[in-house]
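Engineer: Take this sequence and fold it.
(chains A, B, C and D)
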Number of protein chains: 4
Amino acid sequence: MEFGITFKGVVEADRARYLVRAAEHAGFSYCWFYDSHILWRDCYAAIAMCMEHTKDMRFGPLVTNPDVRDWSVAASIFGSLSKQSGGRFDLGVGRGDSSRRVMGFKPATLARVAEFIHKTKAMVRGDEVVYGESPEPVKFPWAVGHEMPAWIAAYGPLALKTAGEHADGVVLQIAEPGLCKWFTDQCLDAGKAAGRDMSTFRSMSCAPAYFGDKAKAIEATKWFPAMVGNHVADIVEKYGKDTSLVPASLTSYIEKRRGYDYSKHGQSSNPYLDFITPDVVENFCVLGEPEEHVAKIGKLKDAGVTQFNIYLDSGMEEEIIAGYGREVIPKFR
Amino acid sequence: MEFGITFKGVVEADRARYLVRAAEHAGFSYCWFYDSHILWRDCYAAIAMCMEHTKDMRFGPLVTNPDVRDWSVAASIFGSLSKQSGGRFDLGVGRGDSSRRVMGFKPATLARVAEFIHKTKAMVRGDEVVYGESPEPVKFPWAVGHEMPAWIAAYGPLALKTAGEHADGVVLQIAEPGLCKWFTDQCLDAGKAAGRDMSTFRSMSCAPAYFGDKAKAIEATKWFPAMVGNHVADIVEKYGKDTSLVPASLTSYIEKRRGYDYSKHGQSSNPYLDFITPDVVENFCVLGEPEEHVAKIGKLKDAGVTQFNIYLDSGMEEEIIAGYGREVIPKFR
Amino acid sequence: MEFGITFKGVVEADRARYLVRAAEHAGFSYCWFYDSHILWRDCYAAIAMCMEHTKDMRFGPLVTNPDVRDWSVAASIFGSLSKQSGGRFDLGVGRGDSSRRVMGFKPATLARVAEFIHKTKAMVRGDEVVYGESPEPVKFPWAVGHEMPAWIAAYGPLALKTAGEHADGVVLQIAEPGLCKWFTDQCLDAGKAAGRDMSTFRSMSCAPAYFGDKAKAIEATKWFPAMVGNHVADIVEKYGKDTSLVPASLTSYIEKRRGYDYSKHGQSSNPYLDFITPDVVENFCVLGEPEEHVAKIGKLKDAGVTQFNIYLDSGMEEEIIAGYGREVIPKFR
Amino acid sequence: MEFGITFKGVVEADRARYLVRAAEHAGFSYCWFYDSHILWRDCYAAIAMCMEHTKDMRFGPLVTNPDVRDWSVAASIFGSLSKQSGGRFDLGVGRGDSSRRVMGFKPATLARVAEFIHKTKAMVRGDEVVYGESPEPVKFPWAVGHEMPAWIAAYGPLALKTAGEHADGVVLQIAEPGLCKWFTDQCLDAGKAAGRDMSTFRSMSCAPAYFGDKAKAIEATKWFPAMVGNHVADIVEKYGKDTSLVPASLTSYIEKRRGYDYSKHGQSSNPYLDFITPDVVENFCVLGEPEEHVAKIGKLKDAGVTQFNIYLDSGMEEEIIAGYGREVIPKFR
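Structural biologist: Numbers count the residues shown, from 1 in each chain, chains lettered A, B, ... in the order given. The predicted structure follows:
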């Protein structure tokens, strides 16, 4: 089991510099950043900074999308960060959610997500690449052959299939073991059907983790099912709520959802949270005493999850990182 | 007199980390990077890295252009770097030369350059900004009111006028005092004509500096007049070679020029260098013993130049930085 | 009110590097290290390391003594650390407790402590100094005139008098407001009697701080009254337990004390702790919820204490530092 | 062939931080510091600082002596630096030259040097150690079993024998291949006679290196034969100048020597340099164009030298480090 942390984006530089070092000491091996350049700054500037304060930790956007930057510009950032860190860069991609909606654009198609992965991986590697928007082939003379792992964020059937067929891993924004197993299996099946060796395919479960008093923890993390609901609503809209293509346990909780304010993306102050019940928060997050965290992550592991990734920025970041280092991560060594 | 260094882009991370610290110790207060994401990596990743190894040094692209990134994406990088460094970010902009031509695109208009400066400065400051490509107004909730200085790279009459009217400084890629005076005066006149207070307007002369044996120095830096010639050719093409709008001393040397290979931009291995004579190299660069550097930079200062900025990557970077710290910069304190 | 942290010595390098940065971010302005080179490593190597990861934080031994190093050797370390950190070094001195007893030596006299302060301060400043053991005067040609603040650790009447007459501050290893006031007043009176301006004299209260469940906190910090008792026993032995020179509230609690194991100095696993009752632990330490910490530190401030210094290494270091930064220190701004 | 640099001690912190990083990039794997706490600051504070700016470089005093610090204090520094750097600490020891003479003391005996090595190595390893001055055995509970390599500085027959019998390497302060071979062979013979496996025994040749104009180089480095002469004079005084125990090529050059000013130890401004002729400087140092450096170091390698260690602080430090990285060290890879 690998462990990661994700900064939703508001961490100040002064804190980020010691939090990543603390996280590395605690046993976390990945540090992810929301890529949402308007709401929360440019994540690549933050990644470059944090790389200077760590030795082995890997970094990446969670997630970027194929439309916010020209592909050669995006691949140049990815490859540059990889090069200056000795290869410590992973790519997380999705269809483009917050960063695109805030600007008034539509999400990209999954075919475009897949193509973005293949083209940027090739550019980072140093291959000559032809892609749609560029009138001429692009080749980075400075590339050094790094193989950049790529992950796709998925909930819906087509996204899971695309991840299984085209990515090195899937990003599941939920920590409910049953759903994680169902999602991961969809990827594995799709990959095998496409003839891929899926033995190294990775599955990441992302969610807030919070220690201590359950009521306080639920209050601090209820923004998360709301954010997930936003994605689930898209799926229900596309496939209907009674489809066999999506588990009812994923879609049922959003029936009373009324809206979402993207300017408060990932914040508990987001209005429209009244459809979220405490048991949904507990199901989707990892809450309580350390031994409860160990138990739930154990179930995620059994479900095929290979990385548990904590969404930070709910407060108590220092305590969560230190507590995992002291009482949770060692149980999985 | 301020001093800067510019990495044309090929400096490896391992070297950059100590070279910027050495430069700061030597008395350089600016470190610039070519923004050419295909030829030489993403400069913002390098800037973020170097900021972690310095305390007071300012950083910026020299130069970026308005077309390679969506403006909100560009402004987010600028503002993020400014925020995580405590305000140590300057913007250098041009019409888009190497990075656009390599991709097969045309340079931007000067009106667009000016608008890019105003819009990105406003976004970095935290204002709500409307710009062409964005369907909705953009406002960075995380901005902290930084005033980002902006410089425009110019040779031609219209670019100099635009710099004088819209920028905080002008970037002159040449170290010939007569031309620098003529260029700087054009900016000052244009700014005054537009009613601006030009007392804080700044003028930067950029060129390779090289110590020691003159023949070796000329060989190492002759790529520079060739690169300049590329810009001058554009001007001659536009204004004719006999125009009073451009000094003959700038245009005459390119009469025998036959071409330019952008894949070897800024390298002495660029073919098409045979029209460059030794005296042109000496005129355009700062070469020789330390006292010759002091003398020429003194003339630049008299010409109205406020920053001498050394184009590195001709080799001997450690020696040039240390030599300036020991024997040149102290003469201007 | 200033805030400090003290590493009793066992913090590993990997943790120290981020803990000091976290502490600086949280608002702590001092970081002290037990100087006990056999039990817990050389503190000056750790201080030099930590200085590289902070900007403004001050460092020092808490406490060293006049006998473990030749005075020129000691002053050279002090002055070297001061110079390479831009003056961020304070000296804490005592008669020599753990580090000397572990080696089988006796503590130094207070006259020697006072002379050690004057001589090392002079050497750090750059003066030519004559002292007992050195056959020739000592002068550091590299000194740059730093004034090194010196603190004396004291409980007994003579030590308090010495601190008031010779030091810039007093180190009180206890967080009981009544005793702190009594101790501090002794210093101020002695200093005034000697004709010193005591308006800038500083008083530091050192003790463990611990958040949360009181029983757990008492268990984690009961080593502290035991360690204090060790010093108090010396005082009782010297002045008798019924003297008016020492407050009965200080001496009464050690009546049932039977011994002390120096190899477990500062550890809750020290045997001989059975004379320590929970109320003594609460009196001597700062325990409980954040608001209880704020209340007690407020009382210390009223008692004349100028720095509250947390003895770490009782576990939960990350949580204590972060909690102070979030909920305690801001109340004193 | 390994390469090292030695700071004679006056390097400022601001420079040291980038010079060690530059040296590591250039291929130097050792950084040594004169241990002379009165003349040039405490070297261990500088070593701790430099360790934070390097990854693999090893550090050590060149040389310390058995008399300036209590052995438990010395071993605690050595072991603490080793622990916080992941084992990157070597010990260089001599009889105590500048640091003792400045204070008016006599050098230690070679038997004491050998015992110091064995005892401090044992303490750093974590063994319980009994030594003369300590009334009780000393054992560092925090030691982690590091094996600290120890080097002895030697010129005279007995010192060379002691190095061969007791140390892991010998420090030869001279870069004359014939003498280096003679010295190294003395060590190897003594070690073999004592039954040691000498296959991993190491021999370090230390001297200034300087590029460029020979007259200027000789002027900048002539302090070195003067400093060596100081040691040689001791040997001549002890063994006579016609002894077969010391090569005449070592002793003949000091015949006209008249004195030495220890307050200008290692400086070209030292008076008493008039007995030094240019050919002596060239013999003892490594001067001239890069290819001359390569040639001489090749001869040192043939003579059995395993590390060439440059005495810096003659000026041009940046240039020497960069030049070795670019033109000398790669020739020995």
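
Engineer: Could you see whether chain C lies near the helix or strand encompassing A:F308?
Structural biologist: Secondary structure assignment for A:F308, by DSSP states H and E: strand A:307-311. No - Strand A:307-311 stays clear of chain C (CB under 8 Å from any CB of the partner chain), getting no nearer than 15.1 Å. Placement of C-beta: from N, CA and C, glycine included.

Engineer: That strand packs against which elements?
Structural biologist: In terms of contacts (3 or more CB pairs under 8 Å, 6 or more residues apart in numbering or on different chains; DSSP states H and E), strand A:307-311 is packed against strand A:2-7, strand A:30-33, strand A:202-207.

Engineer: Relative to B:T243, tell me which of these wins on proximity.
Structural biologist: strand A:30-33 (51.3 Å; CB to CB).

Engineer: picking that back up, give me the residues contacting the strand holding A:F308.
Structural biologist: Applying CB atoms under 8 Å, 6 or more residues apart in numbering or on different chains, the contact partners of strand A:307-311 are A:1-6, A:8, A:30, A:32, A:62, A:169, A:175, A:202-209, A:224, A:266, A:286, A:297, A:300, A:320, A:324.

Engineer: If we use 6 Å, what do you get?
Structural biologist: A:E2, A:F3, A:G4, A:I5, A:T6, A:M204, A:S205, A:C206, A:P208, A:A209, A:I297, A:L300 (CB atoms under 6 Å, 6 or more residues apart in numbering or on different chains).

Engineer: Next: stretch A:312-326.
Structural biologist: A:5, A:7-8, A:10, A:22-23, A:26-27, A:208-209, A:211, A:220-221, C:318-319, C:322.

Engineer: Out of these, which one has the weakest pLDDT?
Structural biologist: Among the contacts of stretch A:312-326, A:V10 has the lowest pLDDT, at 67.

Engineer: now the strands: where do they sit in the stretch 1-150 of chain A?
Structural biologist: Secondary structure of the stretch 1-150 of chain A (DSSP state E, counting those that start in this stretch): strands at A:2-7, A:30-33, A:58-61, A:91-93, A:150-153.

Engineer: Quick check: which of those strands is nearest to chain D?
Structural biologist: strand A:58-61 (18.2 Å; CB to the nearest CB).

Engineer: quick one: that closest one near chain B?
Structural biologist: No - on the criterion CB under 6 Å from any CB of the partner chain, strand A:58-61 is out of touch with chain B, staying 11.1 Å away.

Engineer: got the CA positions of that strand in CSV?
Structural biologist: Extracted C-alpha coordinates of strand A:58-61, given in CSV (Å, rounded to 0.1, in the frame of the first residue of the first chain):
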residue,chain,number,x,y,z
ARG,A,58,6.7,11.9,-6.4
PHE,A,59,4.5,14.8,-7.5
GLY,A,60,1.7,15.4,-10.0
PRO,A,61,-1.5,17.2,-10.8
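
Engineer: Run through the neighbouring helices and strands of that strand.
Structural biologist: Judged by 3 or more CB pairs under 6 Å, 6 or more residues apart in numbering or on different chains; DSSP states H and E, strand A:58-61 is in contact with strand A:30-33, strand A:91-93.

Engineer: Closest residue of the stretch 51-200 of chain A to chain D?
Structural biologist: Closest point on the stretch 51-200 of chain A to chain D, by CB to the nearest CB, is A:K55, at 8.4 Å.

Engineer: center of chain A, which residue is that?
Structural biologist: A:L62 (4.1 Å; CA atoms, centre = their mean).

Engineer: what's near enough to touch it?
Structural biologist: A:T6, A:W32, A:G92.

Engineer: got the residues of the stretch 201-333 of chain A near chain C?
Structural biologist: A:E318, A:E319, A:A322.

Engineer: and A:A13, what pLDDT?
Structural biologist: Confidence score, pLDDT, at A:A13: 95.

Engineer: In the stretch 101-250 of chain A, what residue spans correspond to helices?
Structural biologist: A:110-125, A:157-166, A:177-193, A:214-221, A:223-239, A:248-251 (DSSP state H, counting those that start in this stretch).

Engineer: Let me know which of these is the nearest to chain B.
Structural biologist: helix A:110-125 (9.0 Å).

Engineer: can you list the residues of chain A near chain B?
Structural biologist: Going by CB under 6 Å from any CB, the residues of chain A near chain B are A:13, A:37-38, A:41-42, A:45, A:48-49, A:52, A:69, A:72-73, A:76-77, A:80-81, A:84, A:103-104, A:134-136, A:138, A:142.

Engineer: So for A:E2, what's the pLDDT?
Structural biologist: For A:E2, pLDDT reads 98.

Engineer: What of A:S263?
Structural biologist: 67.

Engineer: My guess is A:S85 contacts A:E52. True?
Structural biologist: No - using CB atoms under 6 Å, A:S85 is not in contact with A:E52, being 8.7 Å away.
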